[in-house]
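>>> Have a look at this prediction, sequence included:
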Amino acid sequence: MEIIKLQNITKRYDDGFVALNDINLTIESGKFYSLLGPSGSGKTTILRIIAGFTQASSGRIYFKGKDMTEVDAAKRPINTVFQNYALFPHLNVFENVAFGLKIKKKPAKEIAPAVNEALHLVRLDGYAQREIAELSGGQQQRVAIARAIVNQPEVLLLDESLSALDKRLRKEMQFELRAIQKKLGITFIFVTHDQEEALSMSDEIFVLNDGEIQQNGSPVDIYDEPVNDFVARFIGDSNILPGRMIRDFEVEFANRHFKCADAGMRPNEKVEVVIRPEDLDVVAPDQGKLVVRAQTQLFLGDHFEIKAIDSDEHEWLVHSTNSVHLNQPLGLFFDPEDIHVMRLNESQEEFDARLEQYEDDDDEKQ
Amino acid sequence: MKQRHLGARLYLIVLLLVLYLPIFYLIYFSFSSGQNMNHFQHFTWEHYQTLFNDSRLLAIMLQTLLLALLSGLIATTVGTFGAIAIEAARSKREKSSLLALNNVLMVSPDVIIGASFLIFFTALGLSLNFGSVLLSHVAFSIPIVVLMVLPRIKEMDATLIDAAKDLGASSYQVFSQVLIPAIMPGILAGFFMALTYSLDDFAVTFFVTGNGFTTLSVEIYSRARQGIDLEVNALSAIIFLVVLIGVLIYYFLSVRSSRTKHNRRIGVKL
Amino acid sequence: MKNNKRVFFLVPYLLWIVLFVILPLLLIGWYSITDTNGHFTLENYQRFFGSGTFLRMSLNSLWYAFLITLFTLVISYPAAYLLTKMKHQQFWLLLIILPTWINLLLKAYAFIGILGTHGMVNQFLQLFGLGPVNMLFTNFAFILVAVYIEIPFMILPIYNAIADINPAVIQASEDLGASKWQTFRYVLWPLSWPGVESGIQAIFIPSLSLFMLTRLIGGNRVITLGTAIEEYFMTTMNWNMGATIGVILIVMMIVVMLITGQRKKGRTRK
């Protein structure tokens, strides 16, 4: 069910800077969304417009079909977990969590159980009377979540909420956030610049750059089928090469022709080819589709990251579970499905339309 | 190394002795039965008895305190509002010109403030009494309140305001339940400074006060100009005692609070 | 913040700026260019610049302010430095601040006794067979008492500045082979300069208006511009002449501030 809809949202600042350019997006209830992008991509601006802290220059926001563009932040059934938590330093944990309920003039005997339940949900039982300054970063994070969810919002916004935590704690909180979202069944919109975080937590991701949505879809879709160069580079490591589409299901790059799984382009159209480093298998030179020489390799704990060059001096990034010999010829093997072909300047609508078309063709053939 | 430490301590101790000498000198002679501060005669409480029977002086002390509290309260309110307005200034230029105007009274010599206020009140046709003194004290205390509150507002996490709005607070609730508590230390420091300015002031009050009203400073001045009066010595002893008790209470409170905070933090770690 | 909210905070503050900052300054300027009947005249300025007395007094004011500031700095800097080396710094600081809470006039009054012909200092000198020296009502007494009063106000900012210096830079300087003097000259002094500067600002300008000290200790002679203003406003009641001296004092102040301000700019450019 649709819960939030942004229609033609543009945000232009007084100095002429365009933070958001004609954003359209739809959020459904009960799902975990991520707004993913580098800093300055406009992801936090979208969040602030949804929360009501920032007014869009043009465009409308709908909540369950009702226009709430002019509604105050205080009146929206949405709560926010801030980047630096924004806990009130003059109030203790209990008072922080109870703040929203007190503002709504709930009777004290309703507030206490609600606050304790929220604290229990974020696993902070027994911390009610602590001062904020006494808490660790992870605990403050939990208080911020409890303070937001105690108001039973229909949508919870999280602004880079995990970025201040160390790596181990961040992983732990990712699991917990996902668990809390499942338990409450409400919509989470999570802003992050960390692609791993977005991939591991979300039902759906919006990838943003320069104030525009580049692509949206499930984590698997976005990882496997980036629509453009930016998305391919931003989501995970990748080898991106210039290529040429010979005909449907055949592409040329690195001066050779390969079978691939993409179609629907003009013959001989210039394209870009994406191959993920973990999709490249190291084999004996005579068994490989390509021959390269390894230049450097780094052991990263669960795999080796190898940088190699082919005979055209193209650099290849390869992930391998075994180490290789440097400066020796190596074969690289990959399946046709591992090749992802991107058209230049193709929007997501065009991409989706093309995909539908040739998948229909497939169905007909069978 | 130890020698140097001794030298350092000696220098500070001598300096402190010099700083306290005039005060103890006054207190010492407040117990002398003579009429001057040259030779100690006999021990006596006589000057303290005179002091406590001097209803005029006691009334002046009360007036001075009332003046300080009232002017401090008004100046803190206006100054806090001013600091909020300055921080919300729309342009850098507006902000810096407001700050420059704020600091005019901070850098002006007291005689200039006193003289110009005297002209001002006369031009307005206001009579010189408690009202004119109160207005003056409020006026010269406002800039220091602004300067004490402003850094607190700057330091304050602006997202606290967003957070409060997000949780449903109205503008007034944001102001009273988030903004004011968050900058409270600055407001208290400003109020405290305003009190000090008011209690300490002599020059401005001297200019703008009339026949009907006087403060302790002005009263001491007019008595001192007539020569030695050991009742004034008794008064200084009492003031010193009050200040000392206040400072000691403050010191032990601050030491204790920093200690308990420390313990608590350790408690969390355990 | 939305506009109407900002206006609510701004109005009382702006009212204060207009009534107590701008208007008094305009009025004092207006009085300086009119005679007692309110007619325009430049006579006051002619009188000021035509008379050696006033010009000498201006120089005297600057000279005394300079001396007071210098002596205060020379005594306070080592004290502030040594304070940062002490255990229980908060306690020492409190001891230094405490005397500032005793009313300035009481401390001045104490010196009437201490410096008097039969006072403590002369009794002490007599132990060595030195005859009574007349110290009260001299310029020396004025400077001595002024320095005494200002010392804590110089120690505090310098202490804060030195305490803020990362001790590692001092060690780095010594590590690089600098002598104690070189470390002071090239590291400690420049890093503590902001404190020294605010100390100077806190003392130089106020010492221009210590007219009550010149009255009580300095022998009732009109030796500084501050005293002159008080004289014209409170005794001879020639407010127009008083305002003229006030305007000249303000101009002198602005010149002093511009000089220090320019130096600061030059430093940052470097």
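That came in fine, so what should we check first?
>>> Any stretches of the stretch 251-366 of chain A with poor pLDDT?
Along the stretch 251-366 of chain A, the parts satisfying pLDDT under 70 run over A:359-366.
>>> With just CA atoms, put stretch C:196-212 into CSV.
Output of stretch C:196-212 as CSV, limited to C-alpha atoms (Å, rounded to 0.1, in the frame of the first residue of the first chain):
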residue,chain,number,x,y,z
VAL,C,196,47.5,39.3,27.2
GLU,C,197,45.5,41.3,24.7
SER,C,198,42.2,40.8,26.4
GLY,C,199,43.8,41.6,29.7
ILE,C,200,45.1,44.9,28.3
GLN,C,201,41.7,45.7,26.9
ALA,C,202,40.1,44.9,30.2
ILE,C,203,42.3,47.3,32.0
PHE,C,204,43.4,50.2,29.7
ILE,C,205,40.0,51.6,29.0
PRO,C,206,38.4,51.3,32.4
SER,C,207,41.5,52.9,34.0
LEU,C,208,40.6,56.0,32.1
SER,C,209,37.5,56.3,34.3
LEU,C,210,38.8,55.6,37.8
PHE,C,211,37.8,59.1,38.9
MET,C,212,36.7,57.9,42.4
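>>> Tell me which stretches of the chain form helices.
The chain I'm using is chain A. A:43-51, A:93-103, A:108-121, A:137-149, A:167-184, A:195-201, A:219-224, A:229-234, A:348-365 (DSSP state H).
>>> please go with chain C instead
Assigned by DSSP H, chain C shows helices spanning C:3-16, C:23-32, C:43-50, C:52-83, C:89-97, C:104-115, C:120-127, C:139-164, C:167-175, C:180-183, C:189-204, C:211-216, C:225-230, C:239-269.
>>> Turn the helices of chain A into TSV, including mean neighbour count and distance to chain B.
No exception for glycine: its C-beta is placed from N, CA and C like everyone else's. Converted to TSV, the helices of chain A look like this (neighbours: other Cβ atoms under 10 Å in any protein chain shown; distance: least, Cβ to the nearest Cβ, whole Å):
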stretch	mean neighbour count	distance to chain B
helix A:43-51	24	6
helix A:93-103	23	4
helix A:108-121	15	13
helix A:137-149	23	7
helix A:167-184	15	16
helix A:195-201	19	21
helix A:219-224	18	28
helix A:229-234	20	26
helix A:348-365	12	31
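>>> From B:A164, how far out is whatever residue of the stretch 151-300 of chain A ends up closest to chain C?
Proximity of the stretch 151-300 of chain A to chain C (Cβ to the nearest Cβ) peaks at A:D159, 21.1 Å away. Distance, A:D159 to B:A164, using Cβ to Cβ, to the nearest Å: 16 Å.
>>> Same check on A:I189?
According to Cβ to Cβ, A:I189 stands 20 Å off from B:A164.
>>> Same question for A:D279.
49 Å.
>>> same deal with A:H314?
55 Å.
>>> can you check C:E230 too?
Taken as Cβ to Cβ, the span from C:E230 to B:A164 is 51 Å.
>>> List the residues that contact B:G168.
B:G168 sits next to A:74-75, A:100, A:103-104, A:151 when contact means Cβ atoms under 8 Å, 6 or more residues apart in numbering or on different chains.
>>> circling back to that earlier point, more crowded one of A:D279 and B:A164?
Higher neighbour count among A:D279 and B:A164: B:A164, with 26 against 20, using other Cβ atoms under 10 Å in any protein chain shown.
>>> Surely C:R215 touches B:A224?
No. Using Cβ atoms under 8 Å, C:R215 makes no contact with B:A224, being 9.1 Å away.
>>> coming back round to it: and of the contacts of B:G168, the nearest to A:L135?
A:G100 (19.1 Å; Cβ to Cβ).
>>> OK, contacts around the closest one?
A:79, A:147, A:150-151, B:167-168.
>>> before we move on, the earlier item: wouldn't the residue of the stretch 151-300 of chain A closest to chain C be in contact with A:T192 here?
No. Counting by Cβ under 8 Å, A:D159 stays clear of A:T192, with 9.0 Å between them.
>>> Could you check how many residues crowd around C:L19?
If we define neighbours as other Cβ under 10 Å, then C:L19 has 14 of them.
>>> ok, now the one 10 residues further on?
The local packing of C:G29 (other Cβ under 10 Å) involves 16 other residues.
>>> What distance do you get for the residue lying closest to it once chain neighbours are set aside to B:R223?
Closest residue in space to C:G29, ignoring its immediate chain neighbours: C:V247 at 6.0 Å, by Cβ to Cβ, 6 or more residues apart in numbering or on different chains. C:V247 sits 33 Å away from B:R223, taking Cβ to Cβ as the criterion.
>>> Please apply the same query to C:E197.
The gap separating C:E197 from B:R223 is 38 Å, by Cβ to Cβ.
>>> contacting residues for B:A89?
Per Cβ under 8 Å, 6+ apart, neighbours of B:A89: B:95, B:98.
>>> Where does it sit: helix, strand or coil?
The three-state assignment at B:A89 reads coil, by DSSP: H, G, I helix; E, B strand; the rest coil.
>>> Would you list the phi and psi of it?
With angles defined as degrees, to the nearest 10, B:A89 sits at phi -60, psi 140.
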